[in-house]
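1. predicted model and sequence follow; I will ask about them next.
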Amino acid sequence: MSAELKKGRIVIVGASLAGLRAAETLRDEGFTGDLTLVGDEPHPPYDRPPLSKQVLLGKVPAADVGLPARRPVDARWKLGVRASGLDPATKDVLLANGERLPFDRLLITTGTRARPWPHPEEARLDGVLTVRTLDDAGRLAERLDAGPRRVLVIGAGFTGSEIASACRERGLEVTVAERGPAPLVGALGGALGAFAARLQRAHGVDLRCGVTVTSLTGSNGRLTGAGLSDGSRIDADVAVVALGAVRNTEWLKDTGLAAGPRGVACDAGCRAFDMYGIVTDDVFVAGDVARFPHPLFEYQMLALEHWGNAVEQAEVAAHNMVNPGPLRRPHLAVPAFWSSQFGLNIKSVGVPTFSDQVTIAQGSVEEGRLVVVYGYRGRVTAAVSVNRAKWLEHYRRLIETAAPFPPEPGAADRPASPKVVPSDVPDPKVLSHGPTVALTGHLPDRRLAVVRPMA
């Protein structure tokens, strides 16, 4: 059985970071069969984090963010063509150009795309942009090079905040509009959200919280500004829509898989579920598009838009695709992400939104160097560092061992009397942007009625 799994045909749909790392791992694990990667963009896999950081600052051209290959993958690459469907009966991936790709095992790594501005006519105005792809970042960098009078950023999640930071570093006027109470609050909760709000305003951002952009206005096809829900108006010639991401699952409609707006559900071994909750053995999923259970977070189904998760989950999926049951392993890595904005380095381990309390374990808000630790029902579930990343490995171990919250003193700069307060994580519905960590609950996307035949 083990030898047979090293042969055959494997198709990876999604020529992404996860897709590339999975392909490399398949070859490392001894897979000698036919390997095909499908990607809807014309570019080979590239690195996304620099797009909203170095590329927008003009430090790195958009064309220079390609991912280095760790080893040859000996694969057929079908780039610039979209997967349009899946025939589970014949085990074929259907492509938009009419081609059918037969497979023995399939890995889905289609990731996400930027959530567009909801009004198509306004979205077509010259100057209205999103940042998700290499081409997106290149277009926005060109606009920023041209020196717009004002940039409007719609949504204050990590992407929106990083774009605002790049604008201020370039000396550009920027307004950020966020429906929630503060920037980053959907990912980090109220305490660090308030800190982020003060930080942005201190760097000259015109931050508007508790408001929505109700309309984008233009003249002769070009953006001229926006109207806000409080009745005010912003004059801007560039608007960046940073409303989170949409998971690319539409091509899986009516395939029988448990795929929907929140992603493709899978087990801890990356095997996709069908819509009845039965695990498949020939369809796997990894990266941003996956929903998977994690025992550290009460087996909630997690959907993570993180670089590290994409790599680690892809490697687990690839390993399990070519190894029999006893040799398969689970994807149990503790989530981690980072962001660089307004001169600060923000890093996180665990799931900050899976919390009910929070405390500053080290440093202070006043000095701008701190570690915030999150707890849920008396145990540590996450930690976020601001310019203090060296301590995160310590807190990762606390998360993995379900250590008590608040944590025991572990550093000389720990506050003498640490204050524990509610983590104040808002309902995602009150935010402009989607979360980078989505706790999607235990239920599937659809509820089915089971009809039993009459005896």
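-> Perfect, thanks for sending it. Predicted, not measured: the structure shown is a model, and the values here were computed from it.
2. every contact and neighbour count from this point should use C-alpha atoms.
-> OK.
3. which non-adjacent residue is nearest residue 266?
-> Computed as C-alpha to C-alpha, 6 or more residues apart in numbering, the closest residue to residue 266 that is not its neighbour in sequence is residue 272, at 4.0 Å.
4. what about the helix or strand hosting that neighbour, distance to the chain center?
-> Here residue 272, judged by DSSP states H and E, is contained in strand 271-273. Taking C-alpha atoms, centre = their mean, to the nearest Å, the mean C-alpha location of strand 271-273 is offset from the chain mean by 20 Å.
5. next one: stretch 21-33
-> 25 Å.
6. start the count at 54, not 1, going forward
-> Right, with 54 as the first residue, what we last looked at is stretch 74-86.
7. what is the rounded mean pLDDT of that stretch?
-> The average pLDDT within stretch 74-86 is 97.
8. list of residues touching it?
-> If you take C-alpha atoms under 8 Å, 6 or more residues apart in numbering as the criterion, stretch 74-86 is touched by 58-63, 65, 88, 123-126, 364, 367-368, 370-372, 375.
9. what about the residue nearest to residue 319, distance to residue 388?
-> 20 Å (C-alpha to C-alpha, to the nearest Å).
10. what subset of the contacts of stretch 74-86 is buried?
-> 58-60, 62-63, 65, 88, 126, 364, 367-368, 370-372, 375 (16 or more other C-alpha atoms under 10 Å).
11. thinking again about what came up before, so which of the contacts of stretch 74-86 belong to helices?
-> 58, 364, 367, 368, 370, 371, 372 (DSSP state H).
12. what residue ranges in the protein score low on pLDDT?
-> 54, 463-470, 485-508 (pLDDT under 70).
13. let's go with 80 and repeat that
-> Low-confidence segments of the chain (pLDDT under 80): 54-55, 462-471, 481-508.
14. find the centremost residue of it, please.
-> Of all residues in the chain, the one closest to the mean position by C-alpha atoms, centre = their mean is residue 358, 1.7 Å from it.
15. could you check how far that one is from residue 176?
-> 24 Å.
16. picking up where we left off before, so what secondary structure elements neighbour the strand holding residue 325?
-> strand 316-318, strand 332-338 (3 or more C-alpha pairs under 8 Å, 6 or more residues apart in numbering; DSSP states H and E).
17. hey, which of those strands is tucked in deepest?
-> The highest mean neighbour count among the helices and strands packed on strand 324-326, using mean count of other C-alpha atoms under 10 Å, belongs to strand 316-318: a mean of 31.
18. so what does that one touch, helix or strand wise?
-> So strand 316-318, by 3+ C-alpha pairs under 8 Å, 6+ apart, packs with strand 324-326, strand 343-347.
19. repeat that for 10 Å
-> Counting contacts by 3 or more C-alpha pairs under 10 Å, 6 or more residues apart in numbering; DSSP states H and E, strand 316-318 packs against strand 298-300, strand 324-326, strand 332-338, strand 343-347, strand 353-357.
20. can you list contacts of it?
-> 161-165, 299-303, 305, 310-312, 323-328, 330, 332, 337-346, 354-357, 493, 497-498 (C-alpha atoms under 10 Å, 6 or more residues apart in numbering).
21. please identify the buried residues of stretch 177-194?
-> Buried, per 16+ other C-alpha under 10 Å, within stretch 177-194: 178-187, 189-194.
22. how about stretch 426-435?
-> 426, 427, 428, 429, 431, 432, 433, 434, 435.
23. which ones among those residues map onto strands?
-> 426, 427, 428, 429, 432, 433, 434, 435 (DSSP state E).
24. my read: the fourth one touches residue 473, true?
-> No: the pair residue 429 and residue 473 does not pass the contact test of C-alpha atoms under 10 Å, sitting 11.9 Å apart.
25. now for these two: what residues contact both?
-> In contact with both residue 429 and residue 473: 410, 411, 458, 459, using C-alpha under 10 Å, 6+ apart.
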